[in-house]
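Chemist: what follows is a predicted structure for the sequence shown.
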Protein chains: 2
Amino acid sequence: MSAGTKGVARADREAQIVEVACRAFGENGYAGTSVADVADAAGISKPLIYNYFGSKDGLHEVCVRYAADVLWAEFERSSRTGTVGLARAIATLDGMFRALAPQPWMWRLVFDPTAPADGAGHEALADYEKRLFALGEEGVAELMRLAGNEDPEDTSAMHAVWEAMFRALVTWWLDHPEVTPDEMTDRCLRLFTTVFGELDPQVLAAVDR
Amino acid sequence: MSAGTKGVARADREAQIVEVACRAFGENGYAGTSVADVADAAGISKPLIYNYFGSKDGLHEVCVRYAADVLWAEFERSSRTGTVGLARAIATLDGMFRALAPQPWMWRLVFDPTAPADGAGHEALADYEKRLFALGEEGVAELMRLAGNEDPEDTSAMHAVWEAMFRALVTWWLDHPEVTPDEMTDRCLRLFTTVFGELDPQVLAAVDR
DNA sequence: GTGGTAACTTACCCAGGAGTCATATCCCTG
DNA sequence: CAGGGATATGACTCCTGGGTAAGTTACCAC
């Protein structure tokens, strides 16, 4: 391919690169993705990426901010439903399945164990996780209060368990791409029933069942 | 340091290298650990490691097998207590806290997201995870049967949740090194109570409470 | 049409980490 | 005390992947 413009405006090219990069980072992780990989997948050359994003970390930051915005919007939306406990849990799961269905790689892009521990991308992720943490801790703390346990360390550990459970369900779903969001929500309801017994009607109502 | 033997027998040197490497891999991950790092930490030179273990992957394999054996012995031991459900859960957690207390890095060595996806080390890990998976699936399946849910996909998802919860509790504990195994087991019991209500005496008995 | 600018690429540099080779020292054996 | 094997290392090579310098092409304004 010879040099010279192909008539693609910078904004358009940037958007295209980000889309390709989100997918690459999400599917292969930050460490498993080279800038050359992204350039190849986008059908352009490496220096163009450096020209537009400055560094691999710069590109990663843009991707992460985009993905975090998508997920955050969903988390916040379901937190505003005013539900508590299991009802809020299932509402959040259901919303996340729907939000991720068209772009499942977004999840692993944000929860990427190979992401670097410093740089702008890390800042963006840390900021997002801080907000997410506060949101989750709030919900868990309320649940704990209702159950009569106000120990902050207990709350912290319970929060870790809640997040892990949430991630496990999302990850399981991502590993079973033939399952629709609706079916997955039903499955979660069944699992809740298995563990907690008959569910309160409010829980079902939270996902229109 | 000049060349020439220091009078350390191969077997001793190998053991020393493995110990240092387990710690390095466990604390910084496979990808975050260079062979030179291990050599430095062990106070020897890089070629000696290649001489004794053939490759980074070869060293990793030995470390992983050692750590997996430690964890596996513990999992199997608690599976033989004959307990079911929550009782088995708390017994397994308690056993793991005790097993990990003297060498907490073993955990992350086995559950290392930066470990390679091929090679002998990977084989060893895959084999271990297969056994662990079967053990966990068995326990979860039994619980599901008791609750009247025999759907294999539901069991699979439930198993994923169970493993995630287990890992979350262990990880939380690893992040709070001032907490003793005993205290952590008590905390887990409190969390169980918070979620499931008053616990069956059998559950308490499983950890001598 | 001609200069300037935005869009692009080829060909390179460089750091870091896996892996190797030749060599040096020690100790044990005969 | 000479030879050989075990224990060790300094100084390499090679490759991958982030990052850059310099130049090439197309379009637009005047």
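Modeler: Yep, that arrived. Residues are numbered from 1 along each chain as shown, chains lettered A, B, ... in the order given.
Chemist: going forward, measure contacts and count neighbours with C-alpha atoms only.
Modeler: Will do.
Chemist: what mean pLDDT does stretch A:154-172 have?
Modeler: Per-residue pLDDT over stretch A:154-172 has a mean of 97.
Chemist: can you tell if that stretch touches chain B?
Modeler: Yes - for stretch A:154-172, a contact with chain B is found by CA under 8 Å from any CA of the partner chain, at A:154, A:157, A:158, A:160, A:161, A:162, A:164, A:165, A:168, A:169, A:172.
Chemist: can you list contacts of the host helix or strand of residue A:40?
Modeler: For residue A:40, the host element (DSSP states H and E) is helix A:35-42. With contact meaning CA atoms under 8 Å, 6 or more residues apart in numbering or on different chains, helix A:35-42 is reached by A:16, A:17, A:20, A:21, A:24, A:45, A:46, A:49, A:56.
Chemist: hmm, try it at 10 Å
Modeler: A:13, A:16-25, A:34, A:43-50, A:55-57, A:59 (CA atoms under 10 Å, 6 or more residues apart in numbering or on different chains).
Chemist: restrict those residues to those near DNA strand D?
Modeler: Contacts with DNA strand D within the contacts of helix A:35-42, as defined by CA under 7 Å from any atom of the strand: A:34, A:46, A:47, A:50, A:55, A:56, A:57.
Chemist: buried only: go through those residues for me.
Modeler: Among those, those classed as buried by 16 or more other CA atoms under 10 Å in any protein chain shown are A:34, A:46, A:57.
Chemist: got the residues of chain A near DNA strand D?
Modeler: Neighbours of DNA strand D within chain A, by CA under 7 Å from any atom of the strand: A:2-7, A:31, A:33-36, A:46-47, A:50, A:54-57.
Chemist: check contacts around residue A:177.
Modeler: The neighbours of residue A:177, taking CA under 10 Å, 6+ apart as the test, are A:101, A:104.
Chemist: how close does it sit to residue A:122?
Modeler: Look at residue A:177 and residue A:122: by CA to CA, to the nearest Å, they are 29 Å apart.
Chemist: could you point out the longest helix of chain A?
Modeler: If you go by DSSP state H, chain A has its longest helix at helix A:120-146.
Chemist: quick revisit: from the buried ones among the ones next to DNA strand D among the contacts of helix A:35-42, which is closest to chain B?
Modeler: Nearest to chain B among these is residue A:34, at 15.3 Å by CA to the nearest CA.
Chemist: how much space separates the closest one from residue A:19?
Modeler: 15 Å.
Chemist: before we move on, the earlier item: please list which of the ones next to DNA strand D among the contacts of helix A:35-42 are also close to chain B.
Modeler: When these are checked against chain B using CA under 10 Å from any CA of the partner chain, none falls in range.
Chemist: in helices, which of those appear?
Modeler: Per DSSP H, these map to helices at A:46, A:47, A:50, A:56, A:57.
Chemist: does residue A:23 really touch residue A:103, like I thought?
Modeler: Yes - using CA atoms under 10 Å, residue A:23 is in contact with residue A:103, at 8.5 Å.
Chemist: of those two, who's got more company?
Modeler: Neighbours per residue (other CA atoms under 10 Å in any protein chain shown) separate residue A:23 from residue A:103, with residue A:23 holding more: 21 against 13.
Chemist: list the contacts for that one?
Modeler: Listed by CA under 10 Å, 6+ apart, the contact set of residue A:23 reads A:17, A:29, A:38, A:41, A:63, A:103, A:104, A:105, A:106, A:108, A:109.
Chemist: so is it in a helix, a strand, or just coil?
Modeler: Counting by DSSP: H, G, I helix; E, B strand; the rest coil, the backbone at residue A:23 sits in helix.
Chemist: nice, that's everything, thank you.
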